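Engineer: Sequence below, structure please.
(2 chains)
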There are 2 protein chains.
Amino acid sequence: MDSVEILGLVAATLTTAAFVPQVYKTWKNKSVEDISLTMYTVLLIGVLLWLVYGVNINSLPVILANGITSALLILMIIMKFKYK
Amino acid sequence: MDSVEILGLVAATLTTAAFVPQVYKTWKNKSVEDISLTMYTVLLIGVLLWLVYGVNINSLPVILANGITSALLILMIIMKFKYK
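Structural biologist: Below you'll find the model as predicted:
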């Protein structure tokens, strides 16, 4: 694995892990007023397309990162409806 | 441009554009209590690494998408401090 690949993997890990503190904060406070449903919906569609892209180019990091991110975004959308 | 490339471009456009409604909502309501600063900080670092990755692999779509996303995330972080 060369340094550019490692850079991509670190980037993918961070952009996926980033959503964990938001999910935790929202779950803990049960408050979603400032959260944009449009953002999370458009982002989910985009991330699902990245997932399909990852399958097409046969890239496990792209599949994994976007699969986990999708799950976190779906949790946010469920909480947006549940706690509003 | 083949269909897989177009898929990647559509995915990149959506995952960048997604942040516009959140920036607009936050700017309009001036309320940031439910927004996780940790999420936006980790996401910004990740997206900046994607930008460096894009420069390394010489991919204009990756550079453009992550450059614009970085700017939107920086706006969110500024508003998080300004409106708290």
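
Engineer: list the buried ones in the helix or strand hosting A:Leu75?
Structural biologist: According to DSSP states H and E, A:Leu75 maps onto helix A:60-82. Of all the residues in helix A:60-82, those buried under the rule 16 or more other Cβ atoms under 10 Å in any protein chain shown are A:62-66, A:68-70, A:72-73, A:75-77, A:79-80. Heads up, the C-betas are built off the backbone N, CA and C, glycines and all.

Engineer: can you pull out the helices in chain A?
Structural biologist: Assigned by DSSP state H, the helices in chain A fall at A:3-17, A:19-29, A:37-56, A:60-82.

Engineer: Including distance to chain B and mean pLDDT, could the ones you listed go into a markdown table?
Structural biologist: A markdown table is the format used below for these (distance: least, Cβ to the nearest Cβ, whole Å; pLDDT from 0 to 100):
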| stretch | distance to chain B | mean pLDDT |
| --- | --- | --- |
| helix A:3-17 | 3 | 94 |
| helix A:19-29 | 4 | 98 |
| helix A:37-56 | 3 | 96 |
| helix A:60-82 | 9 | 96 |
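
Engineer: For B:Tyr24, which of these is the nearest?
Structural biologist: Closest approach to B:Tyr24 among the helices of chain A (Cβ to Cβ): helix A:37-56, 8.9 Å.

Engineer: which residues does the residue nearest the centre of chain A contact?
Structural biologist: Centroid check for chain A by Cα atoms, centre = their mean gives A:Thr69 as the closest residue, at 2.4 Å. Neighbour list for A:Thr69: A:15-16, A:19, A:47 [criterion: Cβ atoms under 8 Å, 6 or more residues apart in numbering or on different chains].

Engineer: From A:Gln22, how far out is it?
Structural biologist: 11 Å (Cβ to Cβ, to the nearest Å).
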